[in-house]
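Novice: coordinates for the following, if possible.
(one chain, ligands or ions: 3)
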Amino acid sequence: MTTAVATDGSGAPAGPLLELEHLQMLFPVRGGGPGRTKLYVHAVDDVSLSLTDGETLGLVGESGCGKTTLARCITRLVKPTGGHLRFRGDDITTTGPRAMRRYRTSMQMVFQDPQASLNPRKRVGQIVGAGLHLTSGGANRETRVRELLRQVGLNPEHINRFPHEFSGGQRQRVGVARALAVEPALIVLDEPVSALDVSIQAQVVNLLGDLQRTLGLSYIFVAHDLSVVRHVSNRIAVMYLGKLVEVSPAEELYRKPIHPYTVSLLGAIPIPDPTLSRERTRRTAKGELPSPIHPPTGCRFNTRCPVATDVCREVEPPLTLYPGGHQAACHHPLNVTAGDLTGAVRSVQSPLSSGFDLPTEAGVEPSGDGPATA
Ligand SMILES: Nc1ncnc2c1ncn2[C@@H]1O[C@H](COP(=O)(O)OP(=O)(O)OP(=O)(O)O)[C@@H](O)[C@H]1O
Ligand code: SF4
Ligand SMILES: [Mg+2]
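Specialist: Ligands and ions are numbered 1, 2, ... in the order given. The predicted structure follows:
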């Protein structure tokens, strides 16, 4: 069974597939703070975003910034603590388990570690076929499982094997086949290739691309570095300490990163030219990710940003929408022209807690090590 698709009369789906509006996921800290004050881990904090049919959104940020939590909110493996989540226009933020069943077939998740996410005591046929009773393929289960295994490049004759009899890359293909079994519209891929050998990563990424073209799937592709998502994403969202700091058409992000944090992430991608490589390394963010229990005031990146000024420590920058659909939340944006600044508006997806003033001049490229102290 798949969720009925609302159409605009021409047969094409109407509106976005997925919408996040000020979505929030706070985890209470056991025991709280001094004097029993309630403390929370701000894992996902006021994130707004939308995704259309057939689109791939790359979601990138360093470890602990909230990518998996956001992925789990979107697929409703956890219930967000604030904001709204809509799937084809239906608000599913707090939908209970029984009513969620009809959406479970439309949204699937593929996990980072195929070893841990597949039941070692079940045969691959059982794992892949587990959700088939929810779909039209349930009637002829074995035929459908064999077809799914073929579709992900596995030998259908291996239907009775156990997960440990496959290689890492093959196990991830099993995870993809399990997700495909219920004919989803959206698959959230949480670092699907991070645990695989580099030589295998490209094969799995290519498979995902082929499946998307054949089946018209939408993907949210989570990764911790920007090199993995470059060739698979239509747009890329960069996340820092629970917030989205930049959302851009994919190629533009690599050509013209606006947010200093994105610049630092790009600096972490190895490049063969030693001079360019040294220059990039100099711009990489220094220090540790601050605690998500006590995130910095103003811009959350201010404690590590080489071009931070006083306003950055006081006012949270709004997401600014630049011409061409590029959004970034920074008071001192990099790589923007006077024309970009004139055409900029406050994005409707800005966090509720952010200020209103838009940047008026381009930021200065970092020239030395460590945060500026202006
Ligand atoms: N169930 C939970 N209870 C309390 N805190 C949590 C829980 N799940 C995640 N967190 C915290 O929320 C923050 C975001 O974690 P999350 O796993 O979403 O990050 P991530 O970006 O996926 O990191 P990684 O790249 O390491 O997978 C972290 O500080 C993490 O410790
Ligand atoms: S310049 Fe300011 S607003 Fe922009 S990323 Fe740095 S600290 Fe944040
Ligand atoms: Mg994660």
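
Novice: so which bits of this structure are right by ligand 2?
Specialist: With C-beta under 6 Å from any ligand atom as the criterion, the chain meets ligand 2 at residues 259-260, 299, 301-302, 305, 307-308, 312, 317, 330-332, 363. All C-beta atoms are positioned from the backbone trio N, CA, C, and that covers glycine.

Novice: the residue of the stretch 101-250 of the chain found nearest ligand 2: what secondary structure?
Specialist: Residue nearest to ligand 2 within the stretch 101-250 of the chain (C-beta to the nearest ligand atom): V245, separated by 7.1 Å. Here V245 is recorded as strand under DSSP: H, G, I helix; E, B strand; the rest coil.

Novice: go on, the one 3 residues further on?
Specialist: In three-state terms, and counting by three-state DSSP, S248 is strand.

Novice: pretty sure it sits against N234.
Specialist: No: S248 is beyond contact range of N234, at 10.4 Å (criterion: C-beta atoms under 8 Å).

Novice: for those two, work out which one has more neighbours and name it.
Specialist: For S248 and N234, the more surrounded residue by other C-beta atoms under 10 Å is S248, and the numbers stand at 26 against 16.

Novice: list the contacts for the nearest residue to that one once chain neighbours are set aside?
Specialist: Closest residue to S248 apart from its sequence neighbours, by C-beta to C-beta, 6 or more residues apart in numbering: H326 at 4.5 Å. Counting by C-beta atoms under 8 Å, 6 or more residues apart in numbering, H326 makes contact with E246, V247, S248, P249, E252, L253, K256, I258.

Novice: pLDDT score assigned to the last one?
Specialist: Put plainly, it is I258. Looking at I258, its pLDDT stands at 97.

Novice: so it sits in a strand?
Specialist: No: secondary structure of I258 (three-state DSSP): coil, not part of a strand.

Novice: what sits closest to it if chain neighbours are left out?
Specialist: Counting by C-beta to C-beta, 6+ apart, A328 is the residue found nearest to I258 once chain neighbours are left out, at 3.8 Å.

Novice: how about the helices in the stretch 101-250 of the chain?
Specialist: With DSSP state H, counting those that start in this stretch, the ranges of helices along the stretch 101-250 of the chain come out as 114-117, 124-129, 141-151, 168-180, 198-215, 226-229, 250-255.

Novice: columns distance to P351 and mean neighbour count on top of these, output as CSV?
Specialist: As requested, these are exported to CSV (distance: least, C-beta to C-beta, whole Å; neighbours: other C-beta atoms under 10 Å):
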stretch, distance to P351, mean neighbour count
helix 114-117, 32, 17
helix 124-129, 40, 22
helix 141-151, 40, 18
helix 168-180, 31, 23
helix 198-215, 30, 15
helix 226-229, 23, 21
helix 250-255, 20, 17
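
Novice: quick one: closest of those to R76.
Specialist: Set against R76 and scored by C-beta to C-beta, the helices of the stretch 101-250 of the chain come closest in helix 168-180, at 15.0 Å.

Novice: so what does the closest one touch, helix or strand wise?
Specialist: strand 107-110, helix 114-117, helix 124-129, helix 141-151, strand 186-190, helix 198-215 (3 or more C-beta pairs under 8 Å, 6 or more residues apart in numbering; DSSP states H and E).

Novice: spatially nearest residue to the residue in the stretch 51-200 of the chain that ligand 2 sits nearest to, not counting backbone neighbours?
Specialist: Closest residue of the stretch 51-200 of the chain to ligand 2, C-beta to the nearest ligand atom: G61 (13.6 Å). Computed as C-beta to C-beta, 6+ apart, the closest residue to G61 that is not its neighbour in sequence is M239, at 3.7 Å.

Novice: looks like the one you found contacts T68 (just checking).
Specialist: No: judged on C-beta under 8 Å, M239 makes no contact with T68 at a distance of 10.7 Å.
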